[in-house]
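K.L.:
fold the following for me, if possible:
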Amino acid sequence: MKIVLALLALFAFIAVIQANIWVPCPGDRSKDILQISKLTISPDPPVSNSDSTVEFIGRSTGTITKGNVHTVVYYEPFGYQTPFFEGDMDLCTAFDGEVRCPVRPGLVQRTIKTFIPAIAPKGGPYNGTIAIKDDQGNSVTCIVFKFDMQ
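P.N.:
Down below sits the predicted model:
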């Protein structure tokens, strides 16, 4: 179940960036360690109960040796906001090791191939926040999002 929730968090992050249905978290984001410049998912939008490939490119301004991904996701069928997931994951071990630490300053490029399980209901909207911090509590990146699952 934990891997399913980690995958949902990843696809929430991906879907919001790819479909331009995200905004940075409130506050000054200029000090975020990771600035993502390109992110693609195939198929777009994500499809429940199917394989997907995610690719992202960004620039890290510092070394990330450890980190935490805090995700809050709500599912809003028929306009009723229902808590779907809230939890923390180790940045360096989540997603089957595709995010390898340390992440050094400079270009960061990753490809993640995974399966979105049928437990992720089609429709939505889904909305929430993904906040990633390093082991010193510095913001790596943070977004708020809203998307529909196909």
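K.L.:
name the residue most distant from the centre of this structure?
P.N.:
In the chain, residue 78 marks the outermost C-alpha relative to the chain mean, sitting 24.4 Å out by C-alpha atoms, centre = their mean.
K.L.:
tell me the SS of that one?
P.N.:
Assigned state for residue 78: helix (three-state reduction, DSSP: H, G, I helix; E, B strand; the rest coil).
K.L.:
how near is residue 59 to residue 76?
P.N.:
Spatial separation of residue 59 from residue 76 under the definition C-beta to C-beta, to the nearest Å is 33 Å. C-beta coordinates here come from the backbone N, C-alpha and C atoms, glycine included.
K.L.:
what is the burial count for residue 45?
P.N.:
When neighbours are counted by other C-beta atoms under 10 Å, residue 45 registers 17.
K.L.:
I should have written residue 84 there, sorry.
P.N.:
Burial measure for residue 84: 20 neighbouring residues, criterion other C-beta under 10 Å.
K.L.:
the more surrounded of residue 59 and residue 76?
P.N.:
A direct count of neighbours by other C-beta under 10 Å for residue 59 and residue 76 places residue 76 higher, at 16 against 13.
K.L.:
residue contacts, that one?
P.N.:
Applying C-beta atoms under 8 Å, 6 or more residues apart in numbering to residue 76 gives the contacts 82, 124-127.
K.L.:
again, 10 Å this time
P.N.:
82, 84, 123-127, 146, 148 (C-beta atoms under 10 Å, 6 or more residues apart in numbering).
K.L.:
residue 102 now?
P.N.:
Listed by C-beta under 10 Å, 6+ apart, the contact set of residue 102 reads 60, 63-67, 92.
K.L.:
swap in 8 Å and give it another go.
P.N.:
Neighbour list for residue 102: 63-65 [criterion: C-beta under 8 Å, 6+ apart].
K.L.:
buried ones among those?
P.N.:
Among the contacts of residue 102, those classed as buried by neighbour count (16 or more other C-beta atoms under 10 Å) are residue 64.
K.L.:
quick check, nearest of the contacts of residue 102 to residue 103?
P.N.:
Closest approach between the contacts of residue 102 and residue 103, by C-beta to C-beta: residue 64, at 4.1 Å.
K.L.:
was I right to think that closest one contacts residue 33?
P.N.:
Yes: contact between residue 64 and residue 33 holds when scored by C-beta atoms under 8 Å: they sit 6.3 Å apart.
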